[in-house]
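Trainee: Next comes the sequence, and after it the predicted model I'd like to discuss.
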Amino acid sequence: MKLKYIFIFISTALFAEQIIFPKNFSKANTLNHDTSSETYLKNRSNTLFSLNENQFGKNLRNEFINSQNNLVNFLVKNNAPINDKFLVDIQSDIQYEQNDKIYAEGNVEIYFSNAKLTGDNAVYDKNKKEFVIEGNVVLKKGSQYFEASRLSYNFELENGTIDNIYGVLDINNINLDLDLESSNEIEKRNNTKTEVSELQYINSASLGLVSNFESNSVFDFNSLKLDVPQIQKWRFKSEKLYLESNKLKSKKILFTNDAFNKPQFLLESKKFSGEIVDDKLKIISRNSWIILDDSLKFPVGRRTIFDDDPTTAVWGIGSDYDEKDGFYIQRTFGEIDIFDNYSLKLTPYYLLQRSLKGNSDSFRKKNESILSDKQKTDISFLDTFALDADISGKFFKWDLSIKSSLNSLDFDRFNQANRSKFTLTRTFDLNSAKNSNLQLLNKNGNSEFINKLDIQLYAMYREKVSRVFSSDEEIYFGKGARVANRKSWSSKGVNNNLSFIYDLGKFKAEKKDINEFTTLSRNLFAIKYKNQIPLWKKYSEEKKINETYKYSPKVINQGINWNTYIDSGLFLYEDGSNQEAIIFTSGPAITLGSLTKKYLDYSSLDVLAQYTLKGDDSPFRFDNINDTENIIFNLKQQIYGPIIFGFLSYLNLDANHDNYGEFSNTQYSLDISRRAYSLGAFYKPSTSTVGIQFNVFNFDYFGLSSSF
């Protein structure tokens with residue numbers, strides 16, 4: 001959950017300010033060596049004292065630069081030498097020395113690098129080497145901000161505390177804010193204690209479970225790469241933070257992504273600590289809890305983060321009768337660094353229902369064909385466990401992804417239990433500043449013309465392919481390459497998306513009409529077009545959400561759009577056969593209600609008629625296009641407060657089909673929709689699949705609410 005950034009932010013600020021503060025006070029001591037406090041009070045000025053104007057300050061600065069403290073080296077110096085731009089200055093109403101203590105009183109302002117620390121009073125004890133600032137303590141460092149009642153640090157003992165701390169952590173700018181800049185850059189990216197404004201929903205970070213391995217329709221070429229979002233801004237508070245040598249600790253610290261009070265989502269971290277291990281930042285929360293609306297609280301266990309790895313370690317429950325014999329318990333762990341550029345994410349499962357039954361309906365009998373029917377078989381101890389393993393990273397400039405799923409850890413069932421997919425993807429932006437189409441669109445006041453080229457190499461073993469009016473099929477083995485050119489633009493409110501796809505692959509899969517394998521190469525030429533025309537739009541003065549939005553992370557765009565999808569494909573197979581198809585899908589998308597009231601204040605209904613023109617059939621079962629006419633219904637309806645009911649289904653309109661007039665592939669959902677998070681469950685009767693998904697929403701905004 002990016003808990004490490006509080007550690008980076010606080011530690012950077014503390015060590016940068018505290019270690020350097022005495023140098024400023026030393027200058028005050030030099031100025032007042034022969035002057036009594038009374039004389040100084042009468043003749044004081046608010047002159048800024050520079051770090052480099054006295055030898056004592058220079059010596060202390062050298063000690064700081066040569067410090068062996070891991071936190072100082074890693075967080076403050078960033079493993080790079082500090083140049084002349086690194087300055088420290090101090091202002092206050094009064095500055096004087098008494099009994100080997102240097103005082104700054106009244107409107108204390110301390111500038112260092114790109115940060116500013118303020119408070120009512122500050123004191124530095126030269127004998128104890130201890131710095132204290134208290135009373136309305138505020139630190140601003142770029143986009144980062146915190147306030148506290150008291151801050152202290154002992155340079156000799158290398159420990160300190162911050163009392164009653166509250167602040168905001170801006171993840172997007174954290175690296176920039178850690179850089180050493182001139183002090184005149186401080187206010188440019190500043191969070192201030194003002195009313196929250198311009199709140200914008202960015203995306204969501206999914207913390208829930210994934211119900212099955214992977215599901216792709218034959219024309220699903222929209223996404224070749226999935227970007228996992230992270231929370232951009234955290235608000236946090238703690239009664240006390242402890243700095244102990246190279247560690248930062250807290251008995252309890254709270255985080256929230258919610259910009260408003262009372263926060264709907266809290267992450268509570270107990271026994272929180274951080275340290276530097278092998279030049280890497282290690283954050284540990286030994287006892288973490290998620291709190292929803294101060295009413296539902298559940299544990300998410302111990303969390304450990306290295307470097308920039310997101311934490312996604314959560315418990316989940318779900319069911320999958322096809323692959324896992326029913327209900328299971330899972331835990332998704334955070335990403336683990338392997339090698340230099342790759343990370344590993346593991347999700348182990350305990351198959352509860354399979355274990356209680358003592359047998360399984362998910363496998364074929366030993367030595368039988370993978371194409372034979374599944375039968376009831378006895379299980380071993382290892383059959384009660386399953387595992388998903390995902391490896392991702394960069395291979396030169398390519399995005400590498402390896403996904404593997406095992407629905408049993410019994411090695412004797414490996415060929416039946418394993419599903420794997422390998423992809424190597426690179427995306428090129430074909431736009432340039434001299435692109436005439438882009439200039440023309442921008443000149444006419446329309447949105448930017450997006451033009452991207454995706455190149456992907458892939459290989460898969462037993463990839464499942466979802467089909468609407470028949471059972472799921474699978475590719476036993478496949479490999480190939482895909483090139484896709486994706487374009488999108490908007491003109492006068494009409495949104496357009498156009499994709500050209502070429503796919504060359506070789507597949508081993510079940511024949512269309514015979515229960516046996518065939519292996520063939522395939523050339524696919526496909527064109528996808530999506531068009532959205534606004535028919536009616538309700539005007540709303542609200543452009544960004546505010547604290548009255550309790551059930552939605554963004555303003556609901558009410559209106560009626562007409563959506564049209566055209567999918568066309570030409571399939572050429574090695575055996576000389578071919579398949580041609582054009583699928584037309586069109587219909588209205590109606591959205592009514594702002595989701596700000598408690599009763600029936602949100603309705604969303606998509607009704608899409610689907611018609612297929614098709615030539616010959618495919619020799620494969622998995623990619624043979626179904627030419628059944630149908631209507632797709634997708635309904636979302638607020639019932640009460642945050643409770644939203646969902647219904648998705650396909651109505652068969654083909655009189656020649658056995659399921660004419662029946663709904664198929666139906667899915668029901670029930671969601672708890674809130675401003676800061678959503679919690680949902682779904683059920684698919686056709687596969688008896690149950691799933692739960694929990695999302696935390698990501699926001700960006702200006703300003704800062706009062707402490708929660």
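Mentor: Happy to help now that I have it.

Trainee: measure stretch 507-515 end to end?
Mentor: End-to-end span of stretch 507-515 (C-alpha to C-alpha, to the nearest Å): 16 Å.

Trainee: buried sites along it?
Mentor: Within stretch 507-515, the residues scored as buried using 16 or more other C-beta atoms under 10 Å are 507, 509-512. Where you see a C-beta, it was placed from the backbone N, CA and C, and this is true even at glycine.

Trainee: Neighbours of residue 108, how many?
Mentor: 25 (other C-beta atoms under 10 Å).

Trainee: Could you pull up the residues touching it?
Mentor: Neighbour list for residue 108: 90-92, 118-122, 133 [criterion: C-beta atoms under 8 Å, 6 or more residues apart in numbering].

Trainee: go with 7 Å
Mentor: Going by C-beta atoms under 7 Å, 6 or more residues apart in numbering, residue 108 touches 92, 118-122, 133.

Trainee: So how do I select the buried members of the residues you listed in ChimeraX?
Mentor: Selection of the buried residues among the contacts of residue 108 in ChimeraX, burial being defined by 16+ other C-beta under 10 Å:
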select :92,118,119,121,122,133
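
Trainee: Now tabulate the contacts of residue 108 in TSV and tack on distance to residue 704 and secondary structure.
Mentor: Below are the contacts of residue 108 laid out as TSV (distance: C-beta to C-beta, whole Å; DSSP: H, G, I helix; E, B strand; the rest coil):
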residue	distance to residue 704	secondary structure
92	25	coil
118	15	strand
119	18	strand
120	20	strand
121	24	strand
122	23	strand
133	20	strand
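
Trainee: what's the closest of the buried residues of stretch 507-515 to residue 340?
Mentor: Using C-beta to C-beta, residue 507 comes nearest to residue 340 of the buried residues of stretch 507-515, at 33.9 Å.

Trainee: now residue 373: how far from residue 364?
Mentor: 7 Å (C-beta to C-beta, to the nearest Å).

Trainee: circling back to that earlier point, nearest to residue 603, out of the contacts of residue 108: which one, please.
Mentor: Nearest to residue 603, judged by C-beta to C-beta, of the contacts of residue 108 is residue 118 at 50.5 Å.

Trainee: For the closest one, give me the pLDDT.
Mentor: Residue-level confidence at residue 118 comes out at 91, pLDDT.

Trainee: Is it in contact with residue 106, as I believe?
Mentor: No: the criterion here is C-beta atoms under 7 Å, and residue 118 misses it with residue 106 at 11.2 Å.

Trainee: ok so, going back, between residue 373 and residue 364, who's got more neighbours?
Mentor: Neighbours were tallied for residue 373 and for residue 364 using other C-beta under 10 Å; the higher tally belongs to residue 364 (17 against 9).

Trainee: circling back to that earlier point, tabulate the contacts of residue 108 (CSV), appending distance to residue 565.
Mentor: Formatted as CSV, the contacts of residue 108 follow (distance: C-beta to C-beta, whole Å):
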residue, distance to residue 565
92, 67
118, 57
119, 60
120, 64
121, 67
122, 65
133, 62
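
Trainee: would you list every one of the strands in the stretch 201-350 of the chain?
Mentor: Residue ranges of the strands in the stretch 201-350 of the chain, as given by DSSP state E, counting those that start in this stretch, are 233-244, 247-256, 265-277, 280-292, 296-306, 314-320, 326-332, 336-338, 342-350.

Trainee: Can I get stretch 518-525 in PDB, CA atoms only?
Mentor: C-alpha atoms of stretch 518-525 as PDB (Å, rounded to 0.1, in the frame of the first residue of the first chain):
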ATOM      1  CA  THR A 518      -5.300 -30.800 -34.700                       C
ATOM      2  CA  THR A 519      -2.200 -28.600 -35.100                       C
ATOM      3  CA  LEU A 520      -2.400 -25.800 -37.700                       C
ATOM      4  CA  SER A 521      -0.900 -22.400 -38.400                       C
ATOM      5  CA  ARG A 522      -3.400 -19.500 -38.600                       C
ATOM      6  CA  ASN A 523      -3.200 -16.000 -40.200                       C
ATOM      7  CA  LEU A 524      -5.800 -13.500 -38.700                       C
ATOM      8  CA  PHE A 525      -6.600 -10.100 -40.200                       C
END
